[in-house]
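Attaching a predicted model along with its sequence, questions to come.
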Amino acid sequence: MPSFVAALITLSSASFCDTLPLSWDEAYAKADRLLPQMTRDEKFSLMHGDGWYRVPIIGMGPLKKWWYAGNTPAIPRLGIPSLNMQDAAGGFRDAWTANAGRATCWPSLLAAAATWDVDAVRTFAVALGEEFSGKGANAILGPSINVHRVARGGRNFEYLSGEDPYLGARLAEVYVQGVQSTGVAAVMKHWVFNNQETHRHTQSSNVDDRTAWEIYYPPFQAAVDAGVSVAMCSYNKIDGVPACGNEKHLSVLKDKIGFRGFVQSDWYATHSTSVKEGLDQEMPGTSRFFKPKALATVNASLIDASVRRILAVMYRLDLFNSTKASAPAKDWLMKDVRSEAHKVLARKIATESVVLLKNDGLPGMRPELPGFRQVLPITNQTVRSIAIVGSPAVAKANNPWGPWHWFPGGDYYSGGGSGHVTASEVVTPLEGIQQRAAQAGIRVVARPTDNAKVAAEVAADVDLTIIVAATTSGEEHDRKSLSLDNDADALIEAVSKQAKQTVVIAQVPGAVTMPWRNSVNGIALMFLGGQETGSAWASVLFGDHAPTGHLPVMIPASDSDTIPPSESEQINYSEGMATSYRNPNFTAAFPFGHGLTYSSFDYGALTVKMIGGTPFVHLRISNVGTGKWFAASTVVQLYVEFPAVAQYPAPILKGFQKTPLIAPYATQDVTFRLSDRDVSYYTSGGWTKAENIIVHVGASSADIRHSVPLTLHKSDSISILV
């Protein structure tokens, strides 16, 4: 294993190279040379979309057949390519019945967040970029990176950040890097405070600067630092002003966060000709505010500034030479870009996203007694028969839709709305579990019913009952409750009373309530796992893969332990930072960051060193599981508790590392480097570095193994052993 010093050298010298064809400065220099050659109408054509019908009066209409979700026309005489932008952050959206299922249905971005694995997210983003490029698209309308505020948020499954700004920042960075390494532009969305679907076109999110900088801006800052190309502004208002015409917050994005790409509206989110306020491009192109007649009233220098930003993005990604398609693009959109390699990767990510929440033994058994055995993994030594109940066990993927159905409903593999991807080769939970059980010689009794009486009768006659439960969500609507579908709570309670052992596996788009959690032996979650859902379940349940997922959201004890969607037109974020695990008044059924596996780990003594004024925290993780031994990995998490003057409601995540697979009896060194930003808190107008902090390291926000106070100063300090 590397020494502490070697780990410090490796960590402190790590950097990501910008592999794009041009730097921002080089791209802007090229844009400056091309801009004077453009006519006024050519400039205007880059500032609004094309490809959508405009229905009189309502102003909206369907997408033209074989066009991308977002389009700008090519300008052949100058060699300017078209922009071909497609939904969404988690897979290539198929908008036509004829081309449905010709791209991979990946796990949702929230499932990707549950891996807590920056390498896995980067690898996924590269594969995603390859599929978009293979379809002729040169821009992905993602990543979606809003930090969850409302647990019932309809689009939470789309948001890579989960409930935490630091987790979101780390993952947004590698997502952007991965996508753009393929020559496809990443579009970060939705700027900003787009935290519920209820009244999303009319409600105003009113957020103080401190809360904005501490909770909601960090994933966007990380995406900008990674070189993201486009920012999509949101539907909601901010302090009463529409986000896409909000000069204050578009200025924050460009002038304070340092965004150098261009700003486009969400589809139909423009309410004025907002070029002066900072909007560069209107989508999808039907707004009267961005028609040539309206744009002609805007100062020519502002028009040039917007077009310059759009051209710079095109140059920086070499779209002038790499773009081959232009709408209408039937042949491109009909291409099947799936591959065996991507299928394997989709299964891997889905498998690694599974979060094992509970894994108890038989009723009345105590861990300290001989013969104690946890319910999972399933082996043929103790389980000869399995019942599988619950209709989600055989749920089908949603059928394809036409362009008028702009917000298709979600299913139990992919959420609904513009982020939906049709899973043409979905492996259902029943299929995956049946196939793996057959390999182990275990009999499966399939009763995929939600009838509690029937399911309970079946459960009484087998060794183990697996209840498959689920719910989904989608764009335009927030969830009505945090309950599972089909009265699953009653089903689980009834079955658990009759079954010898009960395991609940749930496919969900975000947080759910589990009033039955104390009545069952095992619980595992998957946050909409895509086409390989059943295969992923089988790998985890039978121990082919020791669980590695950790919660990117808190599982609340009840609905009252969350912030509900607001029906008000004025939504004041009066809770400040006190959302999710940061709210000491919320009770968690399972805490943020929680995730069990088939082994256990010892967290060795912390060593804290100051090098050049920078804190480095080191510890050694040992696999010390008892009973059946498994090689396994875990996610080591670091939370910083700030002094009272910072007025933080709780310690906040400031570091995490997913270990590699650690063999039984083996160890793994883990080192964290805390940047100045990590140990600073926001005060009026800027950041203040704390003089004293407490560093907490553990396995979740509620499972802290070590805590150490630390005084921050410029000179090196002696080690602190805990």
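Yes, it's here. Bear in mind that the values here come from a model prediction, so they are computed numbers and not experimental data. Numbering: from 1, shown residues only.

my read: Phe527 touches His148, true?
No. Assessed by CB atoms under 8 Å, Phe527 is found out of contact with His148, at 11.6 Å. (C-beta placed from N, C-alpha, C; glycine too.)

More neighbours: which of the two?
It is Phe527, of Phe527 and His148, that has more neighbours when counted by other CB atoms under 10 Å, with 30 against 27.

mean confidence for the longest strand along the chain?
Looking across the chain with DSSP state E, the single longest strand is strand 614-623. Across strand 614-623, pLDDT averages out at 96.

Ok, stretch 279-292 next?
Mean predicted confidence for stretch 279-292 is 95.

how about it: buried residues?
Residues of stretch 279-292 classed as buried by neighbour count (16 or more other CB atoms under 10 Å): Leu279, Asp280, Gln281, Glu282, Met283, Pro284, Gly285, Thr286, Ser287, Phe289, Phe290.

swap in stretch 557-570?
Quick answer for stretch 557-570 (16+ other CB under 10 Å): Ala557, Asp561, Thr562, Ile563, Pro565, Ser566.

Can you tell me which of the residues you listed lies closest to Pro165?
Ile563 (15.8 Å; CB to CB).

The closest one contacts Val150, correct?
Yes. With contacts counted by CB under 8 Å, Ile563 reaches Val150, the gap being 5.5 Å.

shared neighbours of Phe527 and His148, anything?
Taking CB atoms under 8 Å, 6 or more residues apart in numbering as the criterion, Phe527 and His148 both touch Gly510.

what are the bridge partners for Val443, then?
Check again: residue 443 is Arg, not Val. Following DSSP bridges, Arg443 is listed with bridge partners Ser385.

Surely Ser539 and His545 touch.
Yes. With contact defined as CB under 8 Å, Ser539 reaches His545; the gap is 4.3 Å.

now the strands: where do they sit in the stretch 501-650 of the chain?
Remark: strands assigned in the stretch 501-650 of the chain by DSSP state E, counting those that start in this stretch are 502-507, 522-526, 555-556, 570-572, 588-590, 601-603, 607-611, 614-623, 635-641.

Relative to Asn246, which of those is closest?
strand 570-572 (15.2 Å).

Pairing partners for that closest one, with directions?
Paired neighbours of strand 570-572 in the sheet (DSSP bridges): strand 204-206 (parallel).

What is the helix or strand just after the strand it pairs with packed up against?
Where DSSP states H and E defines the elements, the next helix or strand beyond strand 204-206 is helix 209-211. Where contact means 3 or more CB pairs under 8 Å, 6 or more residues apart in numbering; DSSP states H and E, helix 209-211 is packed against strand 680-683.

Need the contact partners of the strand it packs on.
Asp209, Arg210, Trp213, Glu214, Phe642, Ala646, Tyr648, Trp687, Thr688, Lys689, Ala690.

Sort out for me which of the residues you listed are in helices.
Using DSSP state H, the subset of these located in helices is Asp209, Arg210.

Quick one: buried ones out of the contacts of strand 680-683?
Among the contacts of strand 680-683, those classed as buried by 16+ other CB under 10 Å are Arg210, Trp213, Glu214, Phe642, Ala646, Tyr648, Ala690.

Among those, which one sits closest to Thr533?
Nearest to Thr533 among the buried ones among the contacts of strand 680-683, counting by CB to CB, is Glu214 at 35.2 Å.

could you say which helix or strand contains the residue nearest the centre of the chain?
Note on the chain: the residue nearest the mean C-alpha position is Leu160, at 1.7 Å, using CA atoms, centre = their mean. Applying DSSP H and E as the criterion places Leu160 outside every helix and strand.

looking at it, it is touching Ala111, isn't it?
No. If you go by CB under 8 Å, Leu160 and Ala111 don't touch, sitting 10.0 Å apart.

could you measure the nearest residue to Leu311 once chain neighbours are set aside against Ile505, distance?
In space, not counting the residues next to it along the chain, Leu311 is nearest to Ala31; the distance is 3.8 Å by CB to CB, 6 or more residues apart in numbering. Distance, Ala31 to Ile505, by CB to CB, to the nearest Å: 52 Å.

what's the answer for Ile621, then?
On the measure of CB to CB, Ile621 and Ile505 end up 28 Å apart.

Those two - which one has more neighbours?
Legend: neighbour count by other CB under 10 Å for Ile621 and Ile505, higher for Ile505 (26 against 22).

Tell me which residues touch the more buried one, please.
Pro429, Ile466, Ile467, Val468, Ala469, Ile523, Ala524, Leu525, Met526, Trp537, Leu541.

With Glu569 instead?
Taking CB under 8 Å, 6+ apart, we find Glu569 in contact with His199, Thr202, Gln203, Ser204.

What residues of stretch 198-211 count as buried?
For stretch 198-211, by 16+ other CB under 10 Å, it's Thr198, His199, Arg200, Gln203, Ser204, Ser205, Val207, Arg210, Thr211.

err, stretch 417-436, not the other one
417-424, 426-434, 436.

That stretch: how far from the chain's middle?
Remark: stretch 417-436 is offset 19 Å from the chain centroid, using CA atoms, centre = their mean, to the nearest Å.

Could you export it as CSV, CA atoms only?
Coordinates of each C-alpha in stretch 417-436 appear next as CSV, following Å, rounded to 0.1, in the frame of the first residue of the first chain:
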residue,chain,number,x,y,z
GLY,A,417,-40.6,13.7,-19.3
SER,A,418,-37.8,14.9,-21.5
GLY,A,419,-35.4,12.7,-19.6
HIS,A,420,-37.2,9.4,-20.5
VAL,A,421,-35.4,6.8,-22.6
THR,A,422,-37.2,3.8,-23.9
ALA,A,423,-35.7,0.5,-22.7
SER,A,424,-36.1,-1.9,-25.6
GLU,A,425,-34.2,-4.8,-24.0
VAL,A,426,-35.1,-4.4,-20.4
VAL,A,427,-34.3,-7.2,-18.0
THR,A,428,-37.1,-7.3,-15.5
PRO,A,429,-36.4,-8.1,-11.8
LEU,A,430,-38.2,-11.4,-12.2
GLU,A,431,-36.1,-12.4,-15.3
GLY,A,432,-32.8,-11.5,-13.6
ILE,A,433,-33.5,-13.2,-10.4
GLN,A,434,-35.0,-16.3,-12.0
GLN,A,435,-32.0,-16.8,-14.2
ARG,A,436,-29.5,-16.5,-11.4
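
Alright, calling it a day.
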